[in-house]
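*Asks:* sequence? don't have it. structure:
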């Protein structure tokens, strides 16, 4: 099946800093989503971005499908940005007919005040 | 718009006992997913429903896990008998249709002693 690798695994930043999280995937994808899992475990949708660039406030994401990677940018970090960021993909050819997302292991982000 | 609802939020049982989780997807969402998230890992798909039919249950341990989605709306996931390694967060997600953005519920944290 498709492999998803996220880097870095851990990131500690001061409030106000900018960060870039990376997601590499092993095959072409038809769906890519970025999630933020907050300290209470809730998975929050950030972006649905199988290709191109999107922005939402301080967050933006870019997926270069031909090169099989996606980047999540967080600008002017706040303590509430802390948590785990997951990249998840779906590939119609390796999913066996299913549409379940394959998740990476996540990037654990800590924003210190 | 109400999100995906799950209950209970927490459950502690002893091994070999049975347990059931409930999920109510976003209104109008035809596709429903159950994921298992073990501590420190990304969620892993257990089963996918399209309306009240199963699309894929290849990752569901069928000797102990079962799931149903009667009438194509609510869904229940059952474990009987539970094992220690079933301790995890069970997440329900829904989407308008296959391959579209998935929205996750708050999850049920299961601890098997």
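*Replies:* Received the coordinates, thanks. Keep in mind it's a predicted model, so treat the numbers as computed, not measured.

*Asks:* Residue A:105 belongs to a helix?
*Replies:* No - Residue A:105 sits outside any helix when classified using DSSP: H, G, I helix; E, B strand; the rest coil, being coil.

*Asks:* what's the burial count for it?
*Replies:* Close neighbours of residue A:105, defined as other Cβ atoms under 10 Å in any protein chain shown, add up to 16. Just so you know, the C-beta spots here come from the backbone N, C-alpha and C atoms, and that holds for glycine as well.

*Asks:* for the one 4 residues further on, same thing?
*Replies:* Using other Cβ under 10 Å, residue A:109 is surrounded by 20 other residues.

*Asks:* can you pull out the strands in the chain?
*Replies:* This is for chain A. Secondary structure of chain A (DSSP state E): strands at A:4-7, A:10-14, A:19-25, A:31-37, A:43-48, A:52-56, A:59-64, A:69-74, A:83-90, A:102-103, A:107-112.

*Asks:* actually it's chain B I care about, not the one you picked
*Replies:* Remark: strands assigned in chain B by DSSP E are B:5-7, B:10-13, B:19-24, B:31-37, B:44-50, B:53-56, B:65-68, B:75-79, B:88-95, B:103-104, B:108-112.

*Asks:* Identify whichever of those strands lies nearest to residue A:71.
*Replies:* Proximity to residue A:71 (Cβ to Cβ) singles out strand B:103-104 among the strands of chain B, at 22.3 Å.

*Asks:* Show me what the closest one packs onto, helices and strands only.
*Replies:* Applying 3 or more Cβ pairs under 8 Å, 6 or more residues apart in numbering or on different chains; DSSP states H and E, we find strand B:103-104 packed against strand A:43-48, strand B:88-95.

*Asks:* Which one of the strands of chain A lies nearest to residue B:43?
*Replies:* strand A:102-103 (5.4 Å).

*Asks:* does any bit of the closest one sit next to chain B?
*Replies:* Yes - using Cβ under 8 Å from any Cβ of the partner chain, strand A:102-103 reaches chain B at A:102-103.

*Asks:* helices and strands of chain A: which one bottoms out on pLDDT?
*Replies:* Least confident helix or strand of chain A, by mean pLDDT, DSSP states H and E, is strand A:102-103 with a mean of 92.

*Asks:* which helices and strands does that one pack with?
*Replies:* Against strand A:102-103 (3+ Cβ pairs under 8 Å, 6+ apart) you get strand A:83-90.

*Asks:* Okay, now the sheet partners of the strand it packs on, with direction.
*Replies:* Note on strand A:83-90: by DSSP bridges, its sheet partners are strand A:31-37 (antiparallel), strand A:102-103 (antiparallel), strand A:107-112 (antiparallel).

*Asks:* hang on, residue B:16 packs against residue B:82?
*Replies:* Yes - using Cβ atoms under 8 Å, residue B:16 is in contact with residue B:82, at 6.7 Å.
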